[in-house]
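Visitor: below are the sequence and a predicted model; questions follow.
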Amino acid sequence: MEPTGNHSPPAAGEEALLRAEHDVLAGRVSARRSIDDVRRGAYAAFGLVMSAGLTIKFAWDRWGWGLRPARPPGRYPLLFLLALVVSIGLAVYAFAAFRRARSAMRVEDRDFARLREVRARLGIET
């Protein structure tokens with residue numbers, strides 16, 4: 001194959017090093033692991049929407065407008081507090097999962113760009 005662009009063909013020793021780097025990078029970028037974190041974050045965000053809805057419903061039932069029950073529901077708003085804690089926990093988990101995913105995506109994008117450079121240098125792709 002002809003060299004493409006402004007790359008000259010690599011020397012024999014350099015080609016072996018580039019080939020080894022190519023194999024390592026190809027193994028690393030063969031699967032995007034960041035997608036797993038995006039999936040976890042999406043599930044947590046969905047759970048957050050559900051638990052936030054429950055939190056609002058429990059708050060409305062306790063403090064909202066309308067008819068007041070003859071007997072107060074209790075001294076402490078336990079269901080509201082429990083739903084609020086779950087919502088906050090899911091929000092923190094979703095935020096952390098999306099941050100991990102974004103960080104992993106940056107590394108994967110950098111590795112993929114380097115893989116393309118190595119492939120072009122080796123003359124594998126144009």
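Guide: Here it is on my side, so go on.
Visitor: quick one: the helices in this protein?
Guide: Taking DSSP state H, the helices of the chain run over residues 12-29, 34-63, 78-122.
Visitor: gap between residue 77 and residue 88?
Guide: Noted for residue 77: a distance of 15 Å to residue 88, by CB to CB, to the nearest Å. In short, each C-beta sits where N, CA and C put it, glycine included.
Visitor: quick one: low-confidence parts of this structure?
Guide: Applying pLDDT under 70 to the chain picks out residues 1-10, 12, 69-73, 126.
Visitor: again, only using 80
Guide: 1-15, 66-74, 125-126 (pLDDT under 80).
Visitor: quick check: buried residues in stretch 112-126?
Guide: Using 16 or more other CB atoms under 10 Å as the test for burial, stretch 112-126 gives 115, 118, 119, 121, 122.
Visitor: who touches the third one in this structure?
Guide: Shown in contact with residue 119 (CB atoms under 8 Å, 6 or more residues apart in numbering): 22, 125.
Visitor: tell me how far it lies from residue 26.
Guide: Counting by CB to CB, the gap from residue 119 to residue 26 is 9 Å.
Visitor: can you pull the contacts of the nearest residue to residue 15 once chain neighbours are set aside?
Guide: The spatially closest residue to residue 15, leaving aside those adjacent along the chain, is residue 122, at 6.8 Å (CB to CB, 6 or more residues apart in numbering). The neighbours of residue 122, taking CB under 8 Å, 6+ apart as the test, are 10, 15, 18, 19, 22.
Visitor: between the residues you listed, which sits nearest residue 36?
Guide: Closest approach to residue 36 among the contacts of residue 122 (CB to CB): residue 22, at 24.9 Å.
Visitor: so the closest one is in contact with residue 118, correct?
Guide: Yes. Applying CB atoms under 8 Å as the test, residue 22 and residue 118 come out as touching, 4.8 Å apart.
Visitor: pull the contacting residues for the residue nearest to residue 62 when sequence neighbours are not counted.
Guide: Counting by CB to CB, 6+ apart, residue 77 is the residue found nearest to residue 62 once chain neighbours are left out, at 5.3 Å. By CB under 8 Å, 6+ apart, the contact set of residue 77 is 58, 59, 62.
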